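Peer 1: pasting a predicted model and its sequence here:
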Amino acid sequence: MPIPPQLRCLGYPTLHAPDGSAVRFRVRKHLALLVYLAMAPRIHRRDRLAELLWPAVSEREGRHSLATGLSVLRAKLGHAAIEAGRDTVRLVPGSVELDLDRLAAGDILGSETVPVLAVAPLLEDFDIPDAPGWNQWKDAEAANWQPRIRDALLTLTDRSRRHGDTRTMERLADSLLAIDPLSEEGIRSKMESRAFAGDRLSALKHFEAWKARLADEVGAHPGELVEGMAVRLRRRGWERTSESHIAPVHTDQWKDRPFIGRGAQYRVLYEAWESTERGAPRHALVTGDSGVGKSTLAERLATAAGLQGAVSAREQCHEVARDVPYAAIGALAVGLLDKPGASTIAPEWLGELGRAVSEVRRRFPHAPPPLEAEGETVRIRIADAFVELVNAVAEEQPVILILDDLHLADDASVSVLHLLLRRLERQRVLVLLTARPGEISTGGNAQRLVERADQVGLSGVAVPPLTPDEASELLDSLVATRGEAGPTPAARRALLQAAAGYPMVLELLTDDWHTHGEQCLALSLGGMTEQAATEGPGAMYARILERLSAELDPTSHNVLNLAAVLGARLNDFELYGLADLTLAQTMAGLSRLAAVRILRDAGEGLEFINELMRAQAYVAVPSSVRRVLHSKVADQLIERADGGEPMLGLEIAWHCIRARRKDEFARYLISGSDDAIEQGAHVNAERALITAIPHLEPGVKEQAQFRLALVLQDQGRWEESKALFGSVSSPSQDNALAENVRAAIAIAD
């Protein structure tokens, strides 16, 4: 059975063909006729339809207009879709698929194959000015459907909130307020979405207008949750409020920060928060490589929970504090000291906490001194004091404790944290830990805590890299934020490949591209230049690599050096023999690099977790050693090319330029570009030619420019091709190619 067209009546009405394309109507009344026939599936009299939609004309003219409208519908739906007699008309059931049928059946959230139902006010902004009867019918239908639409909007709003999709939540909030201006859920969602857009002032303006309308129309006051959200958003140093017991929530950090591709992981954390709020605490260990978005997930949940009344304390662990006892727990304790309820802790426990946290002594100078103790007794007393502080704050409101990079926390703090987790039974305390898998297994109390995660209610939440579609969406959002022209297809592909699905890496690389253009790190590492950029946005990965490299044996370190030079060819085991590495040593070294998360399994082989990590490994290789390795790899690839292996030209050219073999570089650049163009790999050719042209001698430079102009033409970028071709002085070679480029430009003009 063929798939029928889809008629959307929720929102502005639209008809979509089975392939999803919009079916357009030149006359609004013809679409209104279809809507009426579909929503009122019965036999209709022609004279009443004509009077409904064409009341201002004679009966004869009205029937003629109706007949014209029916002809239009037959053309768009098929002749069999309309049953028409001399005096009656009916839309054959099943001729269109109506979104209201899904709404009536409660099929809102869809499934893996069915998308989420798009819900909005019925026939929104769709009026017929000269058909009052039709407008009255529409208003009556809107009133009849309003309860179901409101319930559906509430369902979808809750779904969006759980997935952290505040942009969709704001759209749903607007629809909810459109059908029910006094909806408390609507204004709550509007405030949350504005807060996560970094626009708290707008959130407060919407609240104040809604609050005034609520008082004027029904004499009511906002609920405690919404009123509390307003107070938390309002509280800043320069704003006065009598609600000093309510902690402020800072939201400015979310401005221009898109949240893409993390809905599933956020939902797990949000549901853990809901369970904790009910007195059944659930904790989470969020794992993923650096830059994948672990901290953003935890911080975003803390903001959402903060708007609902929770308080949070967060500590970012660092390598330098790893040997300082109680450094991490002390920082969390300081974050709780100014929270409501902290002052109710018993003085004796303040004294014990002051043993490890000097800030306690400063804020509470009259706290009694700690009891004399030694060895493990000291650790137990400090742990008990921290637990008492957390419980005191949790008596007033839910608490979220966030410890970033658990693998860098000092052992004493992890021991206290372990004890806290074991004692949290009914308290409203949620503990969120983040860790990097490659470093959590380095030993110490952090590893033991993870091994006992099930015993303390700690659930694992793995955060993978973004999918290609999600990464592309994020890049579009980052570029749109700056309001500038986006990168070329070659630069775009390079940025996405370099980021490898890591949101923070993509953001850093995009900023680097905006600043340095073609000299940015994402393009220069594989660019046809003698040296790659040695400075870039990779300081964090430099520290990670330095830390991990210290734990590598010499053989694994040698494997890492050659893998950084090989790049995409790092799975070519034969090439490791160029550094006198045996197959067994190579496989063991690559396995070790994957275990510490310098490399990852991409399904078809190993790869660096992203290009920032590879860049740091690459520049860490001494330049003289790099040149030798590049030269040996080039010799090996040249031998393979002579043996008939195709498409090696650009790769050979890259190794030659890095090995300072310029004469061979130019030859392989041109031949490799020709091969890439012939095989349709235009982006590869473009990237190689753009980075190489500034460094070429005049004769070869012209050859490269002609080929780049051809590549641009094949991508439909005629203006760029024309400008590039016009900059070429006088062709000394490739006259035939130059004429082809010139002819194509002339045709385009």
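Peer 2: Nice, I can see it. Residues are numbered from 1 along each chain as shown.
Peer 1: SS state for the residue nearest to residue 459 when sequence neighbours are not counted?
Peer 2: Of all residues not flanking residue 459 in the chain, residue 284 sits nearest, at 5.3 Å (C-beta to C-beta, 6 or more residues apart in numbering). (C-beta placed from N, C-alpha, C; glycine too.) Counting by DSSP: H, G, I helix; E, B strand; the rest coil, the backbone at residue 284 sits in strand.
Peer 1: what about residue 284, distance to residue 273?
Peer 2: 9 Å (C-beta to C-beta, to the nearest Å).
Peer 1: mind listing the shared neighbours of the two?
Peer 2: Contact criterion C-beta atoms under 8 Å, 6 or more residues apart in numbering; residues shared by residue 284 and residue 273: residue 430.
Peer 1: the residue nearest to the spatial centre of the chain: which element?
Peer 2: With distances taken as C-alpha atoms, centre = their mean, the residue of the chain nearest its centroid is residue 260 (2.3 Å). Take DSSP states H and E as the rule and residue 260 turns out to sit in neither a helix nor a strand.
Peer 1: so for the residue nearest to it when sequence neighbours are not counted, what's the pLDDT?
Peer 2: Nearest-residue entry for residue 260: residue 474, 4.8 Å, with adjacent residues in sequence omitted and distances by C-beta to C-beta, 6+ apart. Residue 474 is assigned 93 on the pLDDT scale.
Peer 1: please tell me I have it right and residue 474 contacts residue 257.
Peer 2: No: assessed by C-beta atoms under 8 Å, residue 474 is found out of contact with residue 257, at 10.5 Å.
Peer 1: so what does residue 176 look like in phi/psi?
Peer 2: Residue 176 adopts backbone torsions of phi -60, psi -40, taken as degrees, to the nearest 10.
Peer 1: where do the strands sit along the stretch 401-550 of the chain?
Peer 2: 429-435, 458-462 (DSSP state E, counting those that start in this stretch).
Peer 1: the longest one: which residues count as buried?
Peer 2: When neighbours are counted by 16 or more other C-beta atoms under 10 Å, the buried residues of strand 429-435 are found to be 429-435.
Peer 1: can I get the residues you listed in JSON lines including pLDDT and distance to residue 77?
Peer 2: Below are the buried residues of strand 429-435 laid out as JSON lines (pLDDT from 0 to 100; distance: C-beta to C-beta, whole Å):
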{"residue": "429", "pLDDT": "94", "distance to residue 77": "59"}
{"residue": "430", "pLDDT": "95", "distance to residue 77": "54"}
{"residue": "431", "pLDDT": "95", "distance to residue 77": "58"}
{"residue": "432", "pLDDT": "96", "distance to residue 77": "54"}
{"residue": "433", "pLDDT": "95", "distance to residue 77": "57"}
{"residue": "434", "pLDDT": "94", "distance to residue 77": "55"}
{"residue": "435", "pLDDT": "92", "distance to residue 77": "57"}
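Peer 1: can I get these in TSV with distance to residue 463?
Peer 2: TSV is the format used below for these (distance: C-beta to C-beta, whole Å):
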residue	distance to residue 463
429	23
430	18
431	17
432	12
433	13
434	9
435	11
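Peer 1: from these, which single one is nearest residue 687?
Peer 2: Nearest to residue 687 among those is residue 434, at 35.0 Å by C-beta to C-beta.
Peer 1: separation between that closest one and residue 285?
Peer 2: Taking C-beta to C-beta, one finds residue 434 at 8 Å from residue 285.
Peer 1: so where's the stretch 151-300 of the chain shaky on pLDDT?
Peer 2: For the stretch 151-300 of the chain, the stretches flagged by pLDDT under 70 are 236-246.
Peer 1: can you show me the strands along it?
Peer 2: 283-287.
Peer 1: what's the neighbour count on residue 351?
Peer 2: Residue 351 has 20 neighbours, counted by other C-beta atoms under 10 Å.
Peer 1: list the contacts of the spatially closest residue to residue 252 that is not a sequence neighbour.
Peer 2: Closest residue to residue 252 apart from its sequence neighbours, by C-beta to C-beta, 6+ apart: residue 198 at 5.2 Å. Counting by C-beta under 8 Å, 6+ apart, residue 198 touches 251-257.
Peer 1: report the two of these separated the most.
Peer 2: Pairwise distances across the contacts of residue 198 peak at 12.5 Å for 251 and 256 (criterion: C-beta to C-beta).
Peer 1: those two - which one has more neighbours?
Peer 2: More crowded of residue 251 and residue 256, by other C-beta under 10 Å: residue 251, with 21 against 11.
Peer 1: isn't that one right up against residue 192?
Peer 2: No: assessed by C-beta under 8 Å, residue 251 is found out of contact with residue 192, at 9.5 Å.
Peer 1: list residues touching both of residue 434 and residue 285?
Peer 2: Joint contacts of residue 434 and residue 285 (C-beta under 8 Å, 6+ apart) are residue 406.
Peer 1: tell me how far the nearest residue to residue 269 once chain neighbours are set aside lies from residue 281.
Peer 2: Spatial nearest neighbour of residue 269, excluding adjacent residues (C-beta to C-beta, 6+ apart): residue 301 at 4.7 Å. Distance, residue 301 to residue 281, by C-beta to C-beta: 14 Å.
Peer 1: neighbour count winner among those two?
Peer 2: Counted by other C-beta under 10 Å, residue 301 and residue 281 do not tie: residue 301 has more neighbours, with 26 against 23.
Peer 1: now do the residue nearest to the centre of the chain against residue 671, distance only.
Peer 2: 41 Å.
Peer 1: related to what we said a few turns ago, pick the one among the buried residues of strand 429-435 closest to residue 178.
Peer 2: residue 430 (35.1 Å).
Peer 1: tell me what that closest one is bridged to.
Peer 2: residue 400 (DSSP bridges).
Peer 1: mind checking the pLDDT average for stretch 724-738?
Peer 2: Average pLDDT, stretch 724-738: 60.
Peer 1: one more: stretch 584-595?
Peer 2: 93.
Peer 1: ok, now stretch 34-52?
Peer 2: Across stretch 34-52, pLDDT averages out at 94.
Peer 1: quick one: residues contacting residue 659.
Peer 2: Counting by C-beta under 8 Å, 6+ apart, residue 659 has contacts 627-628, 630-631, 634.
Peer 1: out of those residues, which are buried?
Peer 2: Buried residues within these, counting neighbours by 16+ other C-beta under 10 Å: 627, 630-631, 634.
Peer 1: can I get the residues you listed in TSV with secondary structure?
Peer 2: TSV is the format used below for the buried ones among the contacts of residue 659 (three-state DSSP):
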residue	secondary structure
627	helix
630	helix
631	helix
634	helix
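Peer 1: which among those residues gets closest to residue 580?
Peer 2: Using C-beta to C-beta, residue 631 comes nearest to residue 580 of the buried ones among the contacts of residue 659, at 15.4 Å.
Peer 1: I'd guessed the closest one sits against residue 655; true?
Peer 2: Yes: using C-beta under 8 Å, residue 631 is in contact with residue 655, at 7.4 Å.
Peer 1: okay, now the unreliable bits of the protein?
Peer 2: Residues of the chain meeting the criterion pLDDT under 70: 1, 236-246, 442-443, 518, 533-538, 540, 725-749.
Peer 1: one more pass at 50, please.
Peer 2: 237-242 (pLDDT under 50).
Peer 1: quick revisit: out of the contacts of residue 659, which one sits closest to residue 550?
Peer 2: For the contacts of residue 659, the nearest to residue 550 is residue 628 (24.5 Å; C-beta to C-beta).
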